[in-house]
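Asks: let me see the structure of the following:
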Amino acid sequence: MKIHNFSAGPSILPESTIKNSADAVLNFAGTGLSLLEVSHRGKEFVAVMDEALALFKELLDIPAGYEVVFVGGGASTQFCMVPYNLMQKKAAYLNTGTWANKALKEAKGFGEVVEVASSKDSIYNHIPKGYEIPSDADYFHITTNNTIYGTEIKTDLDVNVPLVADMSSDIFSRPVDVSKYTLIYGGAQKNLAPAGVTFAIVKTDALGKVDRHIPTMLDYRTHIDAGSMFNTPPVFPIYSALQTLKWLKEMGGVSAMEKINIEKAAVLYDEIDRNRLFKAPVVNVEDRSLMNICFIMNDEYKELEKEFFDFASSRGMSGIKGHRSVGGFRASTYNAMPKSSIQALVDCMKEFEAKH
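Replies: Numbering: from 1, shown residues only. Next up, the predicted model:
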């Protein structure tokens, strides 16, 4: 039986990424050594780092004046690196989910934090709109895709202050106008690579303007100046990221991927809206995530939730249980998710509906 991996993260990766990474664990670049044991300063891995950074810039069409760095610590460490490096006195945050809320709370240790809007009271079932950003904020922080609640900001915002975005779970799923951002960051384990590496796209002229001392490892300039090799980088996930970036280029780049993702999501959302057993908790269609599609049982069928989970699991649907904080179901449809797996889930939902 084929297993369809809908896990929210760590999540599905392209088959070529898994195969090539596994091969490199056994014999990296013809060295006869494992990728797990080679020097990160050897010419073979330096070439991997250089190509990965170059492809990252190429696929997102990153303009001059920006640098890409690979660091450890996950997006959660970025929650403090951002204010450490960019907040002089005040920052503005949009609270659209669990991770946005955690980023906001972390920033409060560095200065005044203004929550410009929040959808927390409605269990984060929409993206707030019509808010005002203080003109004296050092930056405005958003989380573009909310994995737990299934909402997504799918456009690049025009704002009156420097824009910072956590794009952990939707990076490379659509074209991004990087010039509208001062900083974009994210963990790799959703759409790029295994957990262990974090990316940051940084506008270099925004750095070095705060008065506080910044610990060396938490200063973006440290990693920019050292080419992401100030200390030993997470070698294996960076190699895997390179394989995914190569795959993305072969697929036609982020514009082609966006088209595929829109098509995939439409198939599943159409079934959720049609099927009498299910409904989508996100109230505005335009706010529905293309990466994490959440759905719940209609009120009169709530007692069937466990039965559907067991039914779907028996047919190879893996990782569809919703986050423990909200329940229901979640199908994560990242770039590597094939259309055939979406259709398999839809067929499963139709079969379960017919059964009841």
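
Asks: what about the nearest residue to Thr333 once chain neighbours are set aside, which helix or strand?
Replies: Distances taken as CB to CB, 6 or more residues apart in numbering put Lys264 closest to Thr333, at 5.3 Å, once the chain neighbours are dropped. For every residue, glycine as well, the C-beta is placed using N, CA and C. Assigned by DSSP states H and E, Lys264 belongs to helix 253-274.

Asks: send the alpha carbons of stretch 117-135 over as CSV?
Replies: Output of stretch 117-135 as CSV, limited to C-alpha atoms (Å, rounded to 0.1, in the frame of the first residue of the first chain):
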residue,chain,number,x,y,z
ALA,A,117,-4.2,43.1,15.0
SER,A,118,-5.0,39.5,16.1
SER,A,119,-7.3,36.7,15.1
LYS,A,120,-6.7,34.8,18.3
ASP,A,121,-10.2,35.4,19.7
SER,A,122,-11.7,33.6,16.7
ILE,A,123,-9.2,30.7,17.0
TYR,A,124,-7.1,32.2,14.2
ASN,A,125,-9.7,31.4,11.5
HIS,A,126,-8.9,34.4,9.3
ILE,A,127,-6.1,36.9,8.4
PRO,A,128,-6.9,40.3,10.0
LYS,A,129,-7.1,43.2,7.6
GLY,A,130,-7.6,47.0,7.9
TYR,A,131,-5.0,47.5,10.7
GLU,A,132,-2.6,50.4,11.1
ILE,A,133,1.1,50.0,11.5
PRO,A,134,2.8,52.7,13.7
SER,A,135,5.0,54.8,11.4
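
Asks: do a quick rundown of the strands in the stretch 151-300 of the chain.
Replies: Assigned strands in the stretch 151-300 of the chain, in chain order: 151-152, 163-166, 183-187, 198-203, 278-279, 292-297 (criterion: DSSP state E, counting those that start in this stretch).

Asks: out of those strands, flag the one nearest Phe56.
Replies: Nearest of the strands of the stretch 151-300 of the chain to Phe56, taken as CB to CB: strand 198-203 at 7.0 Å.

Asks: pLDDT averaged over that closest one - what is it?
Replies: Confidence for strand 198-203, expressed as mean pLDDT, is 98.

Asks: report the distance from it to the chain centre.
Replies: How far strand 198-203 lies from its chain's middle: 13 Å, per CA atoms, centre = their mean, to the nearest Å.

Asks: so which elements touch it?
Replies: Applying 3 or more CB pairs under 8 Å, 6 or more residues apart in numbering; DSSP states H and E, one finds that strand 198-203 contacts helix 43-60, strand 66-71, helix 74-86, strand 183-187, helix 220-225.

Asks: would you list those in a markdown table and tack on distance to Ala8?
Replies: Output for the helices and strands packed on strand 198-203, formatted as a markdown table (distance: least, CB to CB, whole Å):
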| stretch | distance to Ala8 |
| --- | --- |
| helix 43-60 | 23 |
| strand 66-71 | 22 |
| helix 74-86 | 14 |
| strand 183-187 | 12 |
| helix 220-225 | 28 |
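
Asks: show me the domain layout of this structure.
Replies: Domains of the chain are assigned by automatic domain parsing as 15-250, 253-355.

Asks: neighbours around the residue nearest to Thr333, how many?
Replies: Neighbours of Lys264 under the rule other CB atoms under 10 Å: 23.
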